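Participant: show me how the following folds:
(2 chains)
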Amino acid sequence: MTHAPATDQDPVIELRGVRKSFGELEVLKGIDLAVTRGEVVVIIGPSGGGKSTLLRCVNLLDPISAGQVFLEGEDLTRPQVDLNRIRRRIGMVFQQFNLFPHLTVLGNLTLAPVKLLGLGRQEAERLAGDLLSRVGLADKVDAYPRQLSGGQQQRVAIARALMMSPHVMLFDEVTSALDPELVSEVLDVMRDLARSGMTMLCVTHEMGFARELGDRLVFIDGGVIAEQGRPADVLDDPQQARTQQFLRKVLR
Amino acid sequence: MMPLWVGPVARYMATGLVTTLALAAVSIAVSVVLGTLLGALLVLPSRAVRLAVRCYVEIWRGLPIIVTLFFIFFVLPVIGLRFDTFVAAAIGLCLWGSANVAEVVRGAVQSVPHGQADAAAALGFPWGRRMRHVVFPQAVRRALPPLVGLVVNLTQQTSLATVIGVLDLLQASQRSIERLTLSTGATHAIPILGAVLVVYFVICLPLTFLSRRLERSLQRA
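Facilitator: Numbering: from 1, shown residues only, chains lettered A, B, ... in the order given. The predicted structure follows:
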């Protein structure tokens, strides 16, 4: 499958020497990673290897211990930077959905654009309707999250992130908490997004998704990028012993 | 035909009841407002603020209310702070009540899953608006059942004001019993204290019911 050609070779996201420690434990040990516009980068690796931490360091939900993070050339780690303003351009979808349970689907989608971007309520609701149709949930505007299945909740979460017109989307194991039969409906939405040219950074266990839609596969183990390359190359012919070992386990 | 003493005693105890209700109302209002503010401070990122509020909460929650009341009424006058009995009792109850409300509010805020604040942060909400739009609305629903329980408790604890001489419902009943015993030679403790019991029960029962209903409706949500 081909993507819209990248129009801009400057990286959207760039990590330089990113390190992250929790107390004594160093989870990321110097990560360098650049994601260009329109690129879909898939991150795989054993649990505890730092994949999710890496994603949370991109928008600094977890402050990093050393290194730099750039969004479209802007250094997010400078002390005077308005991080909250920058985060609007980075959409994030979580393993546990994290929809706001006290708001309806419509409320979940319109909260941030109305409160943060100053979008008019009518305009926000129209945009929400469009995005809900896009993820196949136009009939659920007035539902509360608890009334939806996991797959539906995750699709709402994706639509909520898209409401801010992000320049890049982060997906943190978004299908891992789903019943197997609900995985594909979420992957369909992600496929649609990837094909529309969205820049995406995805932590996932879905090797089929990685192979089909990933422009690049990054294998993270022990807090470093152990191997990266075209998904088919890495999956079919891994060069590193630990990549081979990991893939044997997950592809068995 | 009711005995002659019933009318005057009932009127006397009614004034006591008014004092009890006033004391409860003041204590509840101040405790909830002050306690909510203190509870909000307890979840602030600033360690110094949290530490200061934590001291306040632990002191007033840790002391028996009766000890606090004695302290305010008998010790503070030594340094020139003299309060009338009602004010002294109200201060003591507010200190205890606000400390406990603060703890309930803190617990409710912290019981909202971290993912909620994460999601709001990822959308670009600054800390204060994360709290206002996402965390607090959920915390309020979690805090309501324990808060109603606390309000019931605070209402009951107003009876402690008796020990520093506030003429509340309990004090009025005590004095009535003593006077009747002196004047008639017979004790009327059973009907009078029985009435006290019923009145406290009638005040607190609806609140207890409300608490249970809130809990049930929250479980459904």
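
Participant: from here on, contacts and neighbour counts on C-alpha atoms
Facilitator: Fine.

Participant: what parts of chain B come near chain A?
Facilitator: B:115-116, B:118-119, B:121-126, B:134, B:137-138 (Cα under 8 Å from any Cα of the partner chain).

Participant: and if we set it to 6 Å?
Facilitator: Contact residues, chain B versus chain A (Cα under 6 Å from any Cα of the partner chain): B:115, B:116, B:122, B:123, B:124, B:126.

Participant: taking chain B, what residue is nearest to chain A?
Facilitator: residue B:124 (4.4 Å; Cα to the nearest Cα).

Participant: circling back: who wins for neighbours among the residues of chain B next to chain A?
Facilitator: residue B:123 (29 neighbours; other Cα atoms under 10 Å in any protein chain shown).

Participant: check contacts around that one.
Facilitator: Counting by Cα atoms under 6 Å, 6 or more residues apart in numbering or on different chains, residue B:123 touches residue A:88.

Participant: can you rerun that using 7 Å?
Facilitator: A:87, A:88, A:91, A:112 (Cα atoms under 7 Å, 6 or more residues apart in numbering or on different chains).

Participant: how about the secondary structure of the third one?
Facilitator: Put plainly, it is residue A:91. Secondary structure state of residue A:91, per DSSP: H, G, I helix; E, B strand; the rest coil, is strand.

Participant: hmm, residue A:166 and it touching each other?
Facilitator: Yes: proximity of residue A:91 to residue A:166 meets the contact threshold set by Cα atoms under 7 Å, at 5.4 Å.

Participant: which one's more surrounded, those two?
Facilitator: The neighbour count for residue A:91 versus residue A:166, taken as other Cα under 10 Å, is higher for residue A:91 (27 against 19).

Participant: that one and residue A:227: what is the separation?
Facilitator: Note on residue A:91: its distance to residue A:227, by Cα to Cα, to the nearest Å, is 26 Å.

Participant: which SS state does the residue nearest in space to the middle of chain B fall under?
Facilitator: Nearest to the mean C-alpha position of chain B, counting by Cα atoms, centre = their mean, stands residue B:154 at 2.7 Å. Under three-state DSSP, the three-state class of residue B:154 is helix.

Participant: for it, what are its contacts?
Facilitator: So residue B:154 contacts B:24, B:28, B:97 (Cα under 7 Å, 6+ apart).

Participant: which residues of the stretch 1-150 of chain A lie near chain B?
Facilitator: A:61, A:84, A:85, A:87, A:88, A:91, A:92, A:98, A:100, A:102, A:112 (Cα under 7 Å from any Cα of the partner chain).

Participant: can we see that at 8 Å?
Facilitator: So far as Cα under 8 Å from any Cα goes, the stretch 1-150 of chain A lies against chain B at A:59, A:61, A:83-88, A:90-92, A:94, A:96, A:98-102, A:112, A:116.

Participant: of the residues you listed, grab the buried ones for ChimeraX.
Facilitator: With 16 or more other Cα atoms under 10 Å in any protein chain shown as the criterion, this ChimeraX line picks the buried residues out of the residues of the stretch 1-150 of chain A next to chain B:
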select /A:59,61,83,84,86,87,88,90,91,92,94,96,98,99,100,101,102,112,116
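
Participant: could you pull up phi and psi at residue B:126?
Facilitator: phi -70, psi 160 (degrees, to the nearest 10).

Participant: picking that back up, give me the secondary structure label for the closest residue in space to the residue of chain B closest to chain A that isn't next to it in sequence.
Facilitator: Leaving aside its sequence neighbours, residue B:124 sits nearest to residue A:84 (Cα to Cα, 6 or more residues apart in numbering or on different chains; 4.4 Å). Following three-state DSSP, we place residue A:84 in the helix state.

Participant: wait, what's in contact with residue A:84?
Facilitator: With contact set as Cα atoms under 8 Å, 6 or more residues apart in numbering or on different chains, residue A:84 has these partners: B:121, B:123, B:124, B:125, B:126.

Participant: of the residues you listed, which pair is most distant in space?
Facilitator: Pairwise distances across those (Cα to Cα) peak at 9.3 Å, for the pair B:123 and B:126.

Participant: where does chain B have low pLDDT?
Facilitator: B:1, B:219-221 (pLDDT under 70).

Participant: please enumerate the helices of it.
Facilitator: B:6-42, B:47-62, B:65-70, B:85-111, B:114-123, B:127-130, B:136-157, B:169-184, B:189-220 (DSSP state H).

Participant: give me whichever of these is most buried.
Facilitator: Mean neighbours per residue, mean count of other Cα atoms under 10 Å in any protein chain shown, is largest over the helices of chain B for helix B:85-111, with a mean of 23.

Participant: for residue B:161, list the residues it contacts.
Facilitator: Applying Cα under 8 Å, 6+ apart, the residues contacting residue B:161 are B:69, B:85, B:86, B:89, B:168.

Participant: would you confirm that the third one contacts residue B:163?
Facilitator: No: counting by Cα atoms under 8 Å, residue B:86 stays clear of residue B:163, with 11.4 Å between them.

Participant: next, residue A:215: phi, psi?
Facilitator: Dihedral pair for residue A:215: phi -80, psi -30, per degrees, to the nearest 10.

Participant: gap between the spatially closest residue to it that is not a sequence neighbour and residue B:47?
Facilitator: Leaving out its chain neighbours, the residue that sits closest to residue A:215 by Cα to Cα, 6+ apart is residue A:40, at 5.3 Å. Per Cα to Cα, residue A:40 is found 41 Å from residue B:47.

Participant: cool, residue B:109 as well?
Facilitator: Taking Cα to Cα, one finds residue B:109 at 17 Å from residue B:47.

Participant: contacts only, for residue A:15.
Facilitator: A:31, A:32, A:33, A:34, A:58, A:67, A:68, A:69, A:70.

Participant: around the fourth one, how many other residues sit close by?
Facilitator: Burial of residue A:34, expressed as a neighbour count using other Cα under 10 Å, amounts to 18.

Participant: neighbouring contacts of the host helix or strand of it?
Facilitator: Taking DSSP states H and E as the criterion, residue A:34 maps to strand A:25-36. Under the criterion Cα under 8 Å, 6+ apart, residues A:6, A:8-21, A:41, A:49-50, A:53-54, A:67, A:199, A:201, A:222-225 lie in contact with strand A:25-36.

Participant: try it again at 6 Å.
Facilitator: A:9, A:11-21, A:50, A:223-224.

Participant: residue nearest the centroid of chain A?
Facilitator: residue A:170 (1.7 Å).
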